[in-house]
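Q: Pasted the sequence and its predicted model underneath.
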Amino acid sequence: MGRTRTNLRQEVARQLGMPFISGTSSAGGATSITDAVNLARYVDDELVGFYVYLSGETDAQHRRITDNAQSTGVVTFIPSDALTDSTADYEILPFPADAIHDAINTALLLLYNESLLVRPFWMHGVTGSPIYNADFSYWTSSSALNGWTATTTTLSRQQGTGAKWISEQSARLGTANGDVSLVAPWTRFLADFANTSVRLHAWANGSAAGANRVAIFETGSSVANSGNHEGDSDWHVVSTSSVTLTAGETDITVRLERAAGNADFNLIWLEGGAFPDLHPFPVALIPHGPLEVYLTPLSVNTTNTRTNTMPSGARRVAGWDWFKYHDEALDVATGVLVWHKKPAAGQLMWLKCQGPLTLPTADTGVIEVTQAEGMLVAKAAALALLESNPGVTPQWRDRVARLQRDVETLARGLAANAEGVSLGPTW
């Protein structure tokens, strides 16, 4: 399941119907690579204007070919840049790799908008607790948790089997003492808790005793800390005692704290206070909002932190709206869940979601598509590249027409299969 960025890039190159070569050079330099086997199959100057992609380079990964010699298998390119190794993995592509990646991204978004390629997943929160990105599902990079900021600690996204608890990924604090705090503008949703009695809970996993906990802060000062994690590399709930927040306080936030070892967190929520009207969620992950909302009773036994490890009995609920608006100043989109009739507080929310697929930045990164879906993406991306090129030849137009037919056929097949109709093989 899934195709790497390299898989899709190379398939796009094949679908373009132009020369595509991959191999390992036997020699290299500032302006050339040599492959006496693969590159010697092309007559002099046949590859001029194509691009060399060097996946192992940190800069100038794609260079334009200015000359190729059949007798020696040498390809010369610009700009010049000394190779880190004379034996380098390379690809010869008809378009720059960046242009191909952009075309793949465009194809993924267009197919998502047509509901042909979507990424189904669950997003979580707790009713009555408006902590943004509380299940740590939205990361803008592997070390940047949206809506939160790290201080004197490293932050990393954990997606392995041990990181999956309530949600599918965890936030890890490691290598230094420090904390991760919810930041503005998302902290404004906590203002409803001023002058009320609250507790803070979180699912945590740590490798050192007394090493991690959670805390509530007012105006930069801690007003409640949870008990420390047991440090047994297992999942437990850590909870603060009840604290009454200051009346009129507008600077309220929550923190994840670490002292030693690894400190992993999987879900954080507030208990008590007035039930807020709005519950923010990362709308970037679900541009069209959640499809359905399910609720599960979430009873926390703070004397036995392993109790109710995986809440069950989820039921689908109605009576909610989803709104999305754009913050012009910050240039971010915000999504909020609004209840017509508020449910009981302290229930685990399971939001059934569909989001767009994303192109990873690393060549080894996986895109969540099947082989058939990957073929559709590759053909759609190749079609976009050909249609955007001004130098169209009759052969090029024939290729465009064929790709258009293939894309339409594959798209019909995916749409029919999504509705439970089998059309058999699509090619």
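A: Great, that's in hand.
Q: which residues in this protein form helices?
A: Ranges of helices within the chain are 5-15, 97-113, 371-387, 394-418, based on DSSP state H.
Q: lowest average confidence, helix or strand, in the chain?
A: Using mean pLDDT, DSSP states H and E, the weakest-scoring helix or strand in the chain turns out to be helix 394-418, at a mean of 73.
Q: helices and strands around that one, which ones?
A: Where contact means 3 or more Cβ pairs under 8 Å, 6 or more residues apart in numbering; DSSP states H and E, helix 394-418 is packed against helix 371-387. Bear in mind the C-beta positions are built from the backbone N, C-alpha and C, glycine included.
Q: Same question for the helix it packs on: list its buried residues.
A: Buried residues in helix 371-387, counting neighbours by 16 or more other Cβ atoms under 10 Å, are found at 373-386.
Q: okay, those residues in JSON lines with pLDDT and distance to A40 next?
A: Listed next are the buried residues of helix 371-387 as JSON lines, based on pLDDT from 0 to 100; distance: Cβ to Cβ, whole Å:
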{"residue": "E373", "pLDDT": "87", "distance to A40": "36"}
{"residue": "G374", "pLDDT": "89", "distance to A40": "31"}
{"residue": "M375", "pLDDT": "90", "distance to A40": "31"}
{"residue": "L376", "pLDDT": "90", "distance to A40": "35"}
{"residue": "V377", "pLDDT": "91", "distance to A40": "33"}
{"residue": "A378", "pLDDT": "92", "distance to A40": "28"}
{"residue": "K379", "pLDDT": "90", "distance to A40": "31"}
{"residue": "A380", "pLDDT": "91", "distance to A40": "34"}
{"residue": "A381", "pLDDT": "92", "distance to A40": "30"}
{"residue": "A382", "pLDDT": "91", "distance to A40": "27"}
{"residue": "L383", "pLDDT": "89", "distance to A40": "32"}
{"residue": "A384", "pLDDT": "89", "distance to A40": "33"}
{"residue": "L385", "pLDDT": "89", "distance to A40": "28"}
{"residue": "L386", "pLDDT": "87", "distance to A40": "28"}
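Q: Dump those residues to JSON lines, plus distance to E292.
A: Formatted as JSON lines, those follow (distance: Cβ to Cβ, whole Å):
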{"residue": "E373", "distance to E292": "23"}
{"residue": "G374", "distance to E292": "28"}
{"residue": "M375", "distance to E292": "30"}
{"residue": "L376", "distance to E292": "27"}
{"residue": "V377", "distance to E292": "27"}
{"residue": "A378", "distance to E292": "32"}
{"residue": "K379", "distance to E292": "32"}
{"residue": "A380", "distance to E292": "29"}
{"residue": "A381", "distance to E292": "32"}
{"residue": "A382", "distance to E292": "36"}
{"residue": "L383", "distance to E292": "34"}
{"residue": "A384", "distance to E292": "33"}
{"residue": "L385", "distance to E292": "38"}
{"residue": "L386", "distance to E292": "40"}
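Q: To T358, which of the helices of the chain lies closest?
A: Comparing those against T358 with Cβ to Cβ, the closest turns out to be helix 97-113 (7.4 Å).
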